[in-house]
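Chemist: turn this into a model:
(chains A and B)
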Protein chains: 2
Amino acid sequence: MSDATAFPQHIIARKRDGRALTRGEIAAFVKGATEGTWADYQLAALLMAIFLRGMDTAETTALTEAMMRSGVVADLSHVSGVKVDKHSTGGVGDKVSLPLAAMVAACGVPVPMISGRGLGHTGGTLDKLESIPGFRVGLSLAEYAAQVERVGCALIGQTKDLAPADKKLYALRDVTATVECLPLICASIMSKKMAEGIDALVLDVKFGGGAFMKTLAEARALAEAMCAIGHAMKRPTRALLTRMDQPLGRAVGNAVEVAESIACLRGEAGPGADDLMEVTCALGAEMLLLAGVAKDEKTSREKLAATIADGSALEKFREIIVAQGGDPRVCDDPDGVLPRAKFTIEARAPRAGFVREVDAMAVALGALRLGAGRIRAEDTVDHAVGFSGLVKVGERVELGGVLGVVHANDEAKLDEARAWLEDAVAIDDPAPAAQPLIVERIG
Amino acid sequence: MSDATAFPQHIIARKRDGRALTRGEIAAFVKGATEGTWADYQLAALLMAIFLRGMDTAETTALTEAMMRSGVVADLSHVSGVKVDKHSTGGVGDKVSLPLAAMVAACGVPVPMISGRGLGHTGGTLDKLESIPGFRVGLSLAEYAAQVERVGCALIGQTKDLAPADKKLYALRDVTATVECLPLICASIMSKKMAEGIDALVLDVKFGGGAFMKTLAEARALAEAMCAIGHAMKRPTRALLTRMDQPLGRAVGNAVEVAESIACLRGEAGPGADDLMEVTCALGAEMLLLAGVAKDEKTSREKLAATIADGSALEKFREIIVAQGGDPRVCDDPDGVLPRAKFTIEARAPRAGFVREVDAMAVALGALRLGAGRIRAEDTVDHAVGFSGLVKVGERVELGGVLGVVHANDEAKLDEARAWLEDAVAIDDPAPAAQPLIVERIG
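Modeler: Predicted coordinates for the structure are as follows:
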């Protein structure tokens, strides 16, 4: 590059001075990150300048595209139909991907889903799936593409070739205080999703005490920015803003969340799992609409409900498990097949009243201490531990009534986790006002 | 450091969010830069955050102190008198340090002067001095301190132990577009000056086409910020804002500038060197006032003038040269002792009229092409080349009159440099209005 304008310093200076970077400048930055031709300190200086000066939609889109093209982009053009994936910004007890993928695929819409492992209070989707004995998330992109075509869905982990620029930049952001930056967050999420080979995307952007975004306004800004990128890249993108103050569903962990997902697919979800199915169906309805297989939301929801009623969603989940080497008997006998913790204990209500709060973050930290999640990337996850049978906000409990069950493999942590859970639940009079779970639809 | 607030990310985040850093945080940053416990990308992220968020006087002072203490601080407490140095932000033909140091030291005020080599269109003070055969600028700090005590002045180069944090940070700033940042510039300059062991400081802050600061307002902001640091560190600091549009004096290069300096010290400065002596005497007057050896500016200027008239300044310069191993005969026969270029040629006026402009930056670039300066730190300087006998703004020239003399060691560059010089001089009618050279006094 003999052109002086391509020097890293020149590009950094332009963003530093509040200018919009060109596509070429952004491509040079991402190439520099991927190939190592920019020094880490130059990448860090530009990341901080982006943090403080921002990026407009055109820049963020160019960044997303450049990051997406920094590695392999999956080619699913041989798969017929509109390929739609869902991405969640993450919440406590969020096992939506499992029933959702099966239900949407059972409606004939291909669902190519590549997840990151990441860090979290509980494991991610990959960890949950890996609690099914034999389940392989480490497929090659060729196996993935073939499975999407054959089965209609694959649930795999990110390969090294997928958006390598994001790996490089995310690691740097983590140690240079440049994580919480809207354009960088958007480009990180969207570059990986767009590399899956999808045609459209539905986003579950969560807000509240148990979410990355604490306020509705932050969630809305993130959702709008990601939808704008999706549209600019000609991949229709829609977002639901969903509340995340208490855990989603009644289970928090890995195997316990798989069991809860299977219960949903079996149509066994009790009244308490309503919130899980509410979010799952709302996201699924948007996916069917984007895929063009339902003419309106009502039809869309009816199709999804039918996959539960006729068992086709559970059958699709079984197909996915078989295709990825897992033990399909988990669909018939979750308790017999999934790993179980050595010890369980029930947390009990210290008084009678209505559940005013189940602090999602406190429950998540409790699960993390039990070993259900990772603090460092190299930590191993204990699939068996966590919480099940959690009470939900608004439910009536009696003195000594069960608030939830602790599953532990370390007896010493059993009482600690029980106390933790009891502290996480606030009981009060009168019953709290019900709050909508799905607050806004964007895009 | 088990305290989480000492994590680099935490400190970076605080500045990123526009908070003032504490002394402890700034000390941790500078320690991290010096000892390598902060990664370069973390230093770079914080430098960019400082660039965009700024630093107040307390922070900039803390940064200056921490950088000063990152290495050895010269101890001149055994030297009696108020030790005063001068620092210039740099201009074309700026050889002020040479006559100034000798004149002020001849008045009995100790002048401890440590200069950086840096990059520039012509060499710095060190390169100019090194054009005197045998002159050693690489004294140890012990030799330096002993010479300041014995001779009253030493003119040396920065040692590796002096403010090492500045070397580290400057090198990073250069490649991360964080050079032009007031608090970082101030801390870089002031930390090195304060490490000299001085009691007071006079600053020559230049503005104009041939200066780092292009406008008076920028120069004023820099001067005010540096004076505030000096006062906060209890080292009285005063600044003059001086115009830098045409070269200072009539010579631009290295040996040619030494010859001009000696001519000044010998009282031979013709009417054309008036600007050089005007700046030198104005800065010297402030130094004597800060040192407490003159009761007012008038007395101060008379003392300085006396050092020229009685030969004591030239004698002091000779003493300094002898002390540092140089050939003292340069004081009596500059032309015979200093290196001379193989080729000279005169640039000539293409028309008659008054000199409206001598473009300092163009002259400087011409000198650089002749080999008088450095583009990269490892370049060697040709001491013999440059320009002499330059016309000054406001002077009358006739058609074919001499505009200046080119000194070159490469015959191929001779005509090019002459054409360059002729282009740098604008001739016009009528005579331009005279503009004051010293525009403001701060501190």
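Chemist: and A:G36, how many neighbours does it have?
Modeler: A count of neighbours around A:G36, defined by other CB atoms under 10 Å in any protein chain shown, yields 11. For the C-beta atoms, the positions are set from N, CA and C on the backbone; glycine is no exception.
Chemist: next, it: phi, psi?
Modeler: phi 80, psi 20 (degrees, to the nearest 10).
Chemist: what's the burial count for A:T237?
Modeler: Close neighbours of A:T237, defined as other CB under 10 Å, add up to 26.
Chemist: surely it meets A:H231?
Modeler: Yes. Counting by CB atoms under 8 Å, A:H231 is a contact partner of A:T237 at 6.5 Å.
Chemist: overlap in contacts, the two.
Modeler: A:G443 (CB atoms under 8 Å, 6 or more residues apart in numbering or on different chains).
Chemist: make sure A:V405 is actually in contact with A:R348.
Modeler: No. In this structure, A:V405 is not within contact of A:R348 by CB under 8 Å, at 10.8 Å.
Chemist: could you list the buried residues of stretch A:165-180?
Modeler: Residues of stretch A:165-180 classed as buried by neighbour count (16 or more other CB atoms under 10 Å in any protein chain shown): A:165-170, A:172-173, A:175-179.
Chemist: for the nearest residue to A:L47 once chain neighbours are set aside, give me its contacts.
Modeler: Of all residues not flanking A:L47 in the chain, A:T178 sits nearest, at 4.3 Å (CB to CB, 6 or more residues apart in numbering or on different chains). Contact analysis of A:T178 by CB under 8 Å, 6+ apart lists A:44, A:47-48, A:50-51, A:172, A:184, B:16, B:45.
Chemist: among the residues you listed, name the buried ones.
Modeler: Among these, the ones that count as buried by 16+ other CB under 10 Å are A:44, A:47-48, A:50-51, A:172, A:184, B:16, B:45.
Chemist: coming back round to it: columns secondary structure, pLDDT and distance to B:R418 on top of the buried residues of stretch A:165-180, output as JSON lines?
Modeler: Shown next, in JSON lines, are the buried residues of stretch A:165-180 (DSSP: H, G, I helix; E, B strand; the rest coil; pLDDT from 0 to 100; distance: CB to CB, whole Å):
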{"residue": "A:A165", "secondary structure": "helix", "pLDDT": "97", "distance to B:R418": "52"}
{"residue": "A:D166", "secondary structure": "helix", "pLDDT": "95", "distance to B:R418": "57"}
{"residue": "A:K167", "secondary structure": "helix", "pLDDT": "93", "distance to B:R418": "57"}
{"residue": "A:K168", "secondary structure": "helix", "pLDDT": "95", "distance to B:R418": "52"}
{"residue": "A:L169", "secondary structure": "helix", "pLDDT": "96", "distance to B:R418": "52"}
{"residue": "A:Y170", "secondary structure": "helix", "pLDDT": "92", "distance to B:R418": "57"}
{"residue": "A:L172", "secondary structure": "helix", "pLDDT": "95", "distance to B:R418": "51"}
{"residue": "A:R173", "secondary structure": "helix", "pLDDT": "95", "distance to B:R418": "55"}
{"residue": "A:V175", "secondary structure": "helix", "pLDDT": "93", "distance to B:R418": "55"}
{"residue": "A:T176", "secondary structure": "coil", "pLDDT": "95", "distance to B:R418": "51"}
{"residue": "A:A177", "secondary structure": "coil", "pLDDT": "95", "distance to B:R418": "55"}
{"residue": "A:T178", "secondary structure": "coil", "pLDDT": "96", "distance to B:R418": "52"}
{"residue": "A:V179", "secondary structure": "coil", "pLDDT": "92", "distance to B:R418": "58"}
